[in-house]
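Chemist: Got a sequence here, can you model it:
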Amino acid sequence: MRLASEEDYICSLSWAKGGNYLAIGTSDCKVQLWDVYNRTRVRSLASHTSRVASLSWNDHVLTSGSRSGHIHHHDVRVADHHIFTLTGHSQEVCGLKWSPDGRYLASGGNDNLVYVWPRMQEGGTTNSVQCWSDHQGAVKALAWCPWQSGILASGGGTSDRHIRIWNVNSGSCISSLDTQSQISSLLFSPNYKELVSAHGYAHNNVVIWKYPALTRVAELKGHEDRVLSLILSPDCSTIATIAGDETIRMWKSFEVDPVKKAKERLVKSTSSVIHQSIR
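Modeler: A predicted model of the protein is given here:
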C-alpha cells in the first residue's frame, strides 16, 4: 500500500472491528481507508487542517485527532463523512481511545490534558464529561479496562512518567505510579487482569503490572530503542511491540487455557521465577 504522494507519511493507524479495513492518518491532513485484503484504498477523508496524529473506531464512526488540537467524528458510511468536531485541546491530540461499550471517548494531548467525551447524540452538543490536568507531560498512552466499566488508564511522557487510573463516573484518580520512564502505550490484559505499559526513555522496555495494585509482575527487555506502541493478540495471549530500533517483537506472555493458567500461576508463586516473556 502506498500513500497518494511520496512526500506524505503515516502518522497514525487504527484497525476497524473485524480487521477488514485499516484507517491511516497522514501528514497531509487526511484519513485514508484501506481494504486490506484487496490492497485498495476505499476512500480518503478530508476535514483536518494539520496532520492526523491519532485514530480510534466506534462501530461505523471513525474518530481522528490532529495537530491543531481538533477531534473529528467521521461516519464512514456516508459521503458527507464529517459529522462533528470536538474542541478542548490546545495542542496536538496524540492519543484517542473509545471505551469498549462505545459510551466514552478518551483523548490525550501534548497540552498534558486528558479529556473524556460522551458519545455524540444526534442533533445535540457534546461537552466533555471529565478533564484532568494531573499529568506533567504529553498523554499518548490511553487504555480502557475491559472488565470494569468507566475505568481509564493514562500514561504521561518524559516530563511525567506516571500511570494514572481514573474513575470516569466519580472523576477521581484511583491510583498513580511513577514508572521512572516515558510511557508510550498502555493496554489491559483480561486473561490475568493486568496492565501492560510500553516505555521509551530511559528504559525502552515493556512492563506488566498487577491491577489494581500496580505492583510489577514482569519486565520484557529486548528493544534497543524506545518502544513506540504495543498491541494484544485477539486471543489475548501475545503482546506485539514496535520500537525505534526498527524491530517488531512478539512476546508470548499470557496463557489462554484456564487450567494451564492456574498451573502456571501456581508454579510461579512457588518458584518466583519469571523468564522474560514466558508466564
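
Chemist: Paired strands for the helix or strand harbouring residue 154, with orientation please.
Modeler: For residue 154, the enclosing helix or strand under DSSP states H and E is strand 151-156. Partner strands for strand 151-156, per DSSP bridges, with pairing direction: strand 139-144 (antiparallel), strand 162-167 (antiparallel).

Chemist: and the ones you listed as a markdown table, adding distance to residue 244?
Modeler: Where C-beta positions appear, they are placed from N, C-alpha and C, glycine not excepted. Formatted as a markdown table, the strands paired with strand 151-156 follow (distance: least, CB to CB, whole Å):
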| stretch | distance to residue 244 |
| --- | --- |
| strand 139-144 | 14 |
| strand 162-167 | 21 |
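
Chemist: Name the residues of stretch 175-183 that are buried.
Modeler: Using 16 or more other CB atoms under 10 Å as the burial criterion, the residues of stretch 175-183 that qualify are 177, 179, 181-183.

Chemist: I figured residue 84 hits residue 120, correct?
Modeler: Yes: in terms of CB atoms under 8 Å, residue 84 counts as a neighbour of residue 120; the distance is 5.2 Å.

Chemist: coming back round to it: deepest of the strands paired with strand 151-156, which one?
Modeler: Comparing those by mean neighbour count (mean count of other CB atoms under 10 Å), strand 139-144 ranks first with a mean of 25.

Chemist: Check the offset of that one from the chain's centre.
Modeler: 5 Å (CA atoms, centre = their mean, to the nearest Å).

Chemist: Between residue 84 and residue 120, which contacts overlap?
Modeler: With contacts defined as CB atoms under 8 Å, 6 or more residues apart in numbering, the residues shared by residue 84 and residue 120 are 73, 126.

Chemist: if we can go back for a sec, now tabulate the strands paired with strand 151-156 in JSON lines and tack on distance to residue 218 and mean pLDDT.
Modeler: Formatted as JSON lines, these follow (distance: least, CB to CB, whole Å; pLDDT from 0 to 100):
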{"stretch": "strand 139-144", "distance to residue 218": "17", "mean pLDDT": "98"}
{"stretch": "strand 162-167", "distance to residue 218": "16", "mean pLDDT": "98"}
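
Chemist: Of these, which is nearest residue 187?
Modeler: strand 139-144 (5.1 Å; CB to CB).

Chemist: Alpha carbons of that closest one, in PDB - could you do that?
Modeler: What follows is strand 139-144 as a C-alpha-only set of coordinates in PDB (Å, rounded to 0.1, in the frame of the first residue of the first chain):
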ATOM      1  CA  VAL A 139      -0.500  12.000  27.100                       C
ATOM      2  CA  LYS A 140      -0.300   9.500  24.300                       C
ATOM      3  CA  ALA A 141      -1.000   6.300  26.200                       C
ATOM      4  CA  LEU A 142      -4.700   5.500  27.000                       C
ATOM      5  CA  ALA A 143      -6.500   2.300  27.800                       C
ATOM      6  CA  TRP A 144     -10.000   1.400  29.000                       C
END
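
Chemist: can you list the residues that contact that strand?
Modeler: For strand 139-144, using CB under 8 Å, 6+ apart, the contacting residues are 54, 94-100, 104, 106-109, 112-114, 151-157, 183-188, 195, 197-198.

Chemist: From these, list just the buried residues.
Modeler: Using 16+ other CB under 10 Å as the burial test, these include 54, 94-99, 104, 106-109, 112-114, 151-157, 183-188, 195, 197-198 as buried.

Chemist: now, which of these lie within strands?
Modeler: The strands in this structure, assigned by DSSP state E, contain 54, 94-98, 104, 106-109, 114, 151-156, 183-188, 195, 197-198 from the buried ones among the contacts of strand 139-144.

Chemist: Identify the bridge partners of the residue nearest to the spatial centre of the chain.
Modeler: Of all residues in the chain, the one closest to the mean position by CA atoms, centre = their mean is residue 142, 4.8 Å from it. The residues listed as beta-bridge partners of residue 142 by DSSP bridges are residue 154.

Chemist: So which bits of the helix or strand where residue 219 lies are buried?
Modeler: Residue 219 is part of strand 215-220 when elements are defined by DSSP H and E. Of the residues in strand 215-220, those with enough neighbours to count as buried (16+ other CB under 10 Å) are 217-218, 220.

Chemist: start to end distance for stretch 20-36?
Modeler: Terminal residues of stretch 20-36 lie 6 Å apart, using CA to CA, to the nearest Å.
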